[in-house]
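Chemist: Give me coordinates for this.
(one chain, ligands or ions: 1)
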Amino acid sequence: MRHLLSAADLDRDAAVALLDTAAEMAATQSREIRKLPTLRGRTVVNLFFEDSTRTRISFEAAAKRLSADVINFAAKGSSVSKGESLKDTAQTLQAMGADLVVVRHSASGAPHRLAHSGWIDVPVVNAGDGTHQHPTQALLDAYTIRRHLAAEGGESRGRDLRGLKVVVVGDVLHSRVARSNVDLLTTLGARVTLVAPPTLVPVGAETWPAEIRYDLDDAIAGAPDAVMMLRVQRERMSSAGGGFFPSPQEYHRRYGLTGARLAALPDHAIVMHPGPMNRGLEISAEAADSPRSTIVEQVANGVSVRMAVLYHLLAGAPATTTTGASL
Ligand code: CP
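Modeler: Numbers count the residues shown, from 1 in each chain. Next up is the predicted model:
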């Protein structure tokens with residue numbers, strides 16, 4: 001396998017190898033050497049059919065810190081608005097010399113199609129597809145959890161997340177972040193609990209390797225090591241179905257990380273959010289800005305993790321996957 005399409009494709013060894021490489025990348029960034037020559041002469045294309053701040057910019061920063069050239073493509077303002085297809089867009093960009101394509105798309109499965117259709121013959125990285133997967137988000141979340149909670153004496157390399165309790169809260173129905181984190185965190189040994197209103201739990205979630213609960217206070221009473229708040233994705237809720245539960249005020253009261261819930265967490269527990277946040281809805285400003293919040297650090301860690309992914313895919317570092325192929 002030479003693409004990164006799903007967190008479910010990573011076995012423990014492949015995931016730990018990526019996290020270890022990310023730690024090495026982070027170490028280079030904290031010294032004077034800000035730019036590594038590793039990918040000089042390679043071109044990374046950011047192909048974004050959906051809006052993004054963190055993912056797009058951090059892939060760009062990651063590629064540039066490895067000395068790759070970067071082409072940023074946004075569907076808005078492109079020939080996609082004239083009806084150009086994903087296939088024709090991707091082939092146009094490959095003709096311009098792309099060595100790797102990072103793709104975000106509102107359609108679940110679009111990166112998989114791009115990787116396996118034969119339209120292009122370069123590695124594809126999924127930067128978020130519909131409600132399906134966001135594997136680099138899961139990797140940066142795992143990296144952040146490992147840095148804070150799996151380290152003894154400051155050394156976390158080679159470690160997994162065995163035994164850690166992670167509670168993922170909110171709009172699981174629309175969340176590719178939740179799906180990716182359930183896959184990756186459980187592969188790394190964490191115990192994941194999903195907490196959501198019944199209307200925001202997807203059909204089939206009972207088969208996932210995670211406990212499902214409906215009461216956030218009960219989940220917090222279980223002393224989690226990390227609480228990951230999910231964005232309520234109002235843009236994906238149609239008026240016909242999946243409507244908002246039951247009002248923003250009621251959602252915050254029952255599922256928001258309020259100051260009182262923050263105070264009820266164990267002292268060592270961290271507060272996470274993939275961003276962008278709806279402050280006052282799924283998370284209070286008090287929780288988002290508290291010393292135990294890792295939200296800004298997650299963004300910084302995203303650059304190191306994406307450097308590691310580009311390095312493994314383009315510079316040929318070995319990392320085996322569940323299929324036994326090299327990443
Ligand atoms: N977490 C995340 O994917 O953020 P962006 O939508 O800003 O990329």
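Chemist: for Met228, helix, strand, or coil?
Modeler: When classified by DSSP: H, G, I helix; E, B strand; the rest coil, Met228 comes out as strand.
Chemist: what comes up buried for the lowest-mean-pLDDT helix or strand in the chain?
Modeler: Here the helix or strand of the chain ranked lowest by mean pLDDT, DSSP states H and E is helix 86-95, holding a mean of 91. Buried residues in helix 86-95, counted by 16 or more other Cβ atoms under 10 Å: Leu86, Thr89, Ala90, Leu93, Gln94. Just so you know, the C-beta spots here come from the backbone N, C-alpha and C atoms, and that holds for glycine as well.
Chemist: Ok, stretch 110-121 next?
Modeler: Residues of stretch 110-121 classed as buried: Ala110, Pro111, His112, Arg113, Leu114, Ala115, Trp119, Ile120 (neighbour count, 16+ other Cβ under 10 Å).
Chemist: Residues touching the host helix or strand of Asp183, excluding its own?
Modeler: Remark: Asp183 resides in helix 176-187, with elements defined by DSSP states H and E. With contact meaning Cβ atoms under 8 Å, 6 or more residues apart in numbering, helix 176-187 is reached by 6-8, 10-12, 15, 128-135, 137-139, 141-142, 145, 161, 166, 168, 172, 192, 194, 208-210, 228, 230, 274.
Chemist: Pull the distance from that helix to the chain's centre.
Modeler: Here helix 176-187 is found 9 Å from its chain centre; the criterion is Cα atoms, centre = their mean, to the nearest Å.
Chemist: So which of the buried residues of stretch 110-121 reach the ligand?
Modeler: Among the buried residues of stretch 110-121, none lies close to the ligand by the criterion of Cβ under 6 Å from any ligand atom.
Chemist: Looking at those residues, which is nearest Ile71?
Modeler: Taking Cβ to Cβ as the measure, Ile71 lies nearest Ile120 of the buried residues of stretch 110-121, at 13.7 Å.
Chemist: quick one: secondary structure of that closest one?
Modeler: Per three-state DSSP, Ile120 ends up coil.
Chemist: Surely it and Val101 touch.
Modeler: Yes. Between Ile120 and Val101 there is a contact at 6.7 Å, judged by Cβ atoms under 8 Å.
Chemist: Between these two, which contacts overlap?
Modeler: Ala90, Gln94, Leu114.
Chemist: Excluding covalently adjacent residues, which one is nearest to the second one?
Modeler: What that stands for is Gln94. Ile120 (4.6 Å; Cβ to Cβ, 6 or more residues apart in numbering).
Chemist: how near is the one you found to Val103?
Modeler: Remark: distance between Ile120 and Val103 (Cβ to Cβ, to the nearest Å) = 10 Å.
Chemist: Now the common contact residues for these two.
Modeler: Leu114.
Chemist: rewinding a little: dump the residue contacts of the residue nearest to Gln94.
Modeler: Shown in contact with Ile120 (Cβ under 8 Å, 6+ apart): Ala90, Gln91, Gln94, Ala98, Val101, Leu114.
Chemist: Isn't the fifth one up against Ala127?
Modeler: Same thing as Val101. No. Counting by Cβ under 8 Å, Val101 does not reach Ala127; the two are 9.7 Å apart.
Chemist: Shouldn't Ala300 be within a strand?
Modeler: No. Going by three-state DSSP, the assignment for Ala300 is helix, not a strand.
Chemist: Buried ones in the helix or strand hosting Val296, by neighbour count?
Modeler: Secondary structure from DSSP H and E places Val296 in helix 295-314. Neighbour-count burial for helix 295-314 flags 295, 297-299, 301-314 (criterion: 16+ other Cβ under 10 Å).
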